[in-house]
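Undergrad: A structural model of the following input is requested.
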Amino acid sequence: MLATLSLLISFSQTVPDLDPSAMWNKLANRVKLAKGLTYEVQEYVVNSDVEKLEGKIKVRAMRPNLIRAESDANCWYSDGKEFREFSPQHKQYINRPIDPTGIWLPSGSGLLSFCAPSIFKPNYSRASNTQYRGAKAICIEHDEPEVPGLVAKIFINPSTWLPLGWEQVTADRVQGGYYTSINTETTYPPEFFRWTPPSDAVDIAKVKRVSKLLPTNTAAPMLTFKDLAGKTVSMKSLLKGKKGLILNFWYYGCGWCQKEFPHLQELYTNARKQGLEVLLVNRGDDSAKVVNKFLKTTKFTMPVALTGKEAVKKYGVVAFPTNYVINPEGKIVYVAEGYGENLFADMVAAVRKLGIMAK
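TA: So this is what the prediction gives:
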């Protein structure tokens, strides 16, 4: 199996007459003819040419809004009226909104043409003849705008015009899934998609969430990190002679982190000379190679700490991005998780209260 991995890119050769948009449309039109959709997708991760198999999801779906997708870790059920995501391991479920114009297929990638157009709007810019796991394939790919440096790929069977697999490729990591047992003719009765939560399952919406974030007016743990060059970076040294420090927790694949970064960079550029410091604390699972390529692509100049696993625990971070603003005395004056215009404006207001006239 591993021997086929080298075929993913090394045998790929761009062919000028392959129109990526036309390839996608042909795939989409083929899938749109499906009466129903049955398939399995085996997910995998490749690090340093070593493949590790992850979850396998079995999917059964029909239009409109009928889905039954199940794996050991997560399950998704929609009977057209209710859509629920269920975790068998944690015995928890959550209700999701249903798109009135189509359905959502988890980890479907190449089969998302079965979904509503509002869910997936690809913009493939390149196409090539290649091989995928030992089979002839056409590869269409595009650069993900929300995650700079990430390339999304779909591998298509040129005989059936059904997908063989999908991949998301970074500088040193591949995450993907390959399809087996794709069937576009099988249909199911409506009751097949009805699902009732087990009696011992808990509705997440009814569980009161207790934040683990450190509260304001408490001392911030003064930690040390390793930067991209392997040098030690300490929060104490960053705060020395400064009016404030923004501690931003992030990871490479976080779309909301990516949306926030340009605004954070602008704030850093405008307010650094006034005494503001920023440290991007990676949660600890992105390599220096990936982060360096990301910074080179985006031209962000904010300092980055790679070794953030300890900090994530000590600062109670469970969602990304999470921002802390720390004053010169080492006390937390602002904390919030998530990204939004209002949240960012609140953080800028907290920075201004430290005497930094940020825009």
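Undergrad: tell me the centre residue of the chain?
TA: Gly253 (4.4 Å; Cα atoms, centre = their mean).
Undergrad: give me the element Tyr77 is part of.
TA: Taking DSSP states H and E as the criterion, Tyr77 maps to strand 75-79.
Undergrad: name the helices or strands packed onto that strand?
TA: strand 66-70, strand 83-87 (3 or more Cβ pairs under 8 Å, 6 or more residues apart in numbering; DSSP states H and E). Every C-beta, even on glycine, is put in place using the N, C-alpha and C of the backbone.
Undergrad: Could you list the paired strands of that strand along with their orientation?
TA: If you go by DSSP bridges, strand 75-79 pairs up with strand 66-70 (antiparallel), strand 83-87 (antiparallel).
Undergrad: Output the ones you listed in TSV; the columns should cover mean neighbour count, mean pLDDT and distance to Arg96.
TA: Putting the strands paired with strand 75-79 into TSV (neighbours: other Cβ atoms under 10 Å; pLDDT from 0 to 100; distance: least, Cβ to Cβ, whole Å) gives the following:
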stretch	mean neighbour count	mean pLDDT	distance to Arg96
strand 66-70	21	93	11
strand 83-87	18	95	5
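Undergrad: one step back: reformat the helices and strands packed on strand 75-79 as TSV; add distance to Glu54.
TA: Output for the helices and strands packed on strand 75-79, formatted as TSV (distance: least, Cβ to Cβ, whole Å):
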stretch	distance to Glu54
strand 66-70	15
strand 83-87	16
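Undergrad: which parts of the host helix or strand of Glu43 are buried?
TA: Glu43 is located in strand 37-47, with elements delineated by DSSP H and E. Across strand 37-47, burial judged by 16 or more other Cβ atoms under 10 Å covers 37-39, 41-44, 46.
Undergrad: again with stretch 199-215
TA: 201, 213-214.
Undergrad: There's contact between Phe192 and Tyr77 in this structure, I believe.
TA: No. In this structure Phe192 lies outside contact range of Tyr77 using Cβ atoms under 8 Å: 10.3 Å.
Undergrad: what is in contact with these two at once?
TA: Arg68 (Cβ atoms under 8 Å, 6 or more residues apart in numbering).
Undergrad: Those two: which has the busier surroundings?
TA: Tyr77 (21 against 13; other Cβ atoms under 10 Å).
Undergrad: Of the strands paired with strand 75-79, which is nearest Tyr124?
TA: Of all the strands paired with strand 75-79, strand 66-70 sits nearest to Tyr124, with 24.6 Å by Cβ to Cβ.
Undergrad: Let me know the closest of the buried residues of strand 37-47 to Ile67.
TA: Closest to Ile67, out of all of the buried residues of strand 37-47 and judged by Cβ to Cβ, is Leu37, at 9.0 Å.
Undergrad: Tell me the pLDDT of the closest one.
TA: Per-residue confidence (pLDDT) for Leu37: 91.
Undergrad: can you pull the contacts of it?
TA: So Leu37 contacts 31, 59-62, 105, 111, 114, 182-184 (Cβ under 8 Å, 6+ apart).
Undergrad: Take those residues and keep only those in strands.
TA: Judged by DSSP state E, those include 59-62, 182-183 as members of strands.
Undergrad: Name the SS class of the residue of the chain most remote from its centre, please.
TA: With distances taken as Cα atoms, centre = their mean, the residue sitting farthest from the centre of the chain turns out to be Gly241, at 36.8 Å. Using DSSP: H, G, I helix; E, B strand; the rest coil, the structure places Gly241 in coil.
Undergrad: The spatially closest residue to it that is not a sequence neighbour: what's it in contact with?
TA: Distances taken as Cβ to Cβ, 6 or more residues apart in numbering place Gly275 nearest to Gly241, at 7.8 Å, with adjacent residues excluded. Contact analysis of Gly275 by Cβ under 8 Å, 6+ apart lists 241-244, 354-356.
Undergrad: what's the answer for Trp76, then?
TA: Each residue near Trp76 by Cβ under 8 Å, 6+ apart is listed here: 67-70, 83-86, 104, 106.
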